[in-house]
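>>> Pasted the sequence and its predicted model underneath.
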Amino acid sequence: MGAVSNKPSLDEFTEAIKNTGGNITKVAALFHVTRQTVHNWSKDDADFANAIKDSRMRMFDRCLEVGYALALGIPKTDKNNKVIGWKEKPDANMVRYLLGTLGREEGFGEKTDVNIESNQPISINVVTATGEKIIP
């Protein structure tokens with residue numbers, strides 16, 4: 001795409017936003033405008049705003065696929081497709097994250113409020129990764 005002094009067509013913009021994965025800085029560079037100009041286009045034109053949103057949701061979907069792969073791991077299988085080990089072990093942190101965010105309706109990741117009314121002072125010991133105690 002050459003220099004564009006005016007707002008591009010929706011097709012040009014959609015192609016640019018798709019090719020850059022929704023990166024506004026890269027889109028601005030393609031059209032030789034500032035990031036603010038691209039934001040103004042999307043603010044003034046719902047179709048441009050939807051193109052950005054759609055591109056970012058597609059990127060989110062791709063990231064979610066990677067998250068699933070991290071959570072489930074990549075098994076090593078024998079010739080009969082029996083799991084005999086791991087090429088990449090499952091990531092427990094990603095499992096917790098996905099269950100806590102995507103599994104909310106099933107009760108995972110629910111927030112619990114604790115209200116303690118007592119005349120006794122309450123303290124919580126915090127320990128750093130090095131084992132050093134932090135005293136409030």
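Received the coordinates, thanks. Since the model is a prediction, treat every value here as computed from it, not as a measurement.
>>> quick one, phi psi at Ala71?
When read as degrees, to the nearest 10, the backbone of Ala71 gives phi -70, psi -40.
>>> Now for it: which residues touch it?
For Ala71, the contacting residues are Pro90, Asp91, Met94, Val95, Tyr97, Leu98, by CB atoms under 8 Å, 6 or more residues apart in numbering. For glycine as for every other residue, the C-beta is placed from the backbone atoms N, C-alpha and C.
>>> The fourth one: neighbour count?
When counting by other CB atoms under 10 Å, one arrives at 16 neighbours for Val95.
>>> repeat for the first one
Counted with other CB under 10 Å, residues neighbouring Pro90 total 15.
>>> Of the contacts of Ala71, which belong to helices?
Among these, the ones falling in helices (DSSP state H) are Met94, Val95, Tyr97, Leu98.
>>> Farthest-apart pair in those residues, please.
Greatest spacing in these, by CB to CB: Val95 and Tyr97 (7.3 Å).
>>> Run the chain-centre distance for stretch 87-97.
Centroid displacement of stretch 87-97 relative to its chain, using CA atoms, centre = their mean, to the nearest Å, is 16 Å.
>>> Alpha carbons of it, as PDB, please.
Taking Å, rounded to 0.1, in the frame of the first residue of the first chain, the C-alpha atoms of stretch 87-97 are listed here in PDB:
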ATOM      1  CA  LYS A  87       6.900 -33.700  24.500                       C
ATOM      2  CA  GLU A  88       5.700 -30.800  26.600                       C
ATOM      3  CA  LYS A  89       4.200 -31.400  30.100                       C
ATOM      4  CA  PRO A  90       0.800 -29.800  30.900                       C
ATOM      5  CA  ASP A  91       1.100 -26.400  32.600                       C
ATOM      6  CA  ALA A  92      -0.800 -26.400  35.900                       C
ATOM      7  CA  ASN A  93      -0.900 -22.600  36.000                       C
ATOM      8  CA  MET A  94      -2.600 -22.500  32.600                       C
ATOM      9  CA  VAL A  95      -5.100 -25.200  33.700                       C
ATOM     10  CA  ARG A  96      -6.000 -23.100  36.800                       C
ATOM     11  CA  TYR A  97      -6.300 -20.000  34.700                       C
END
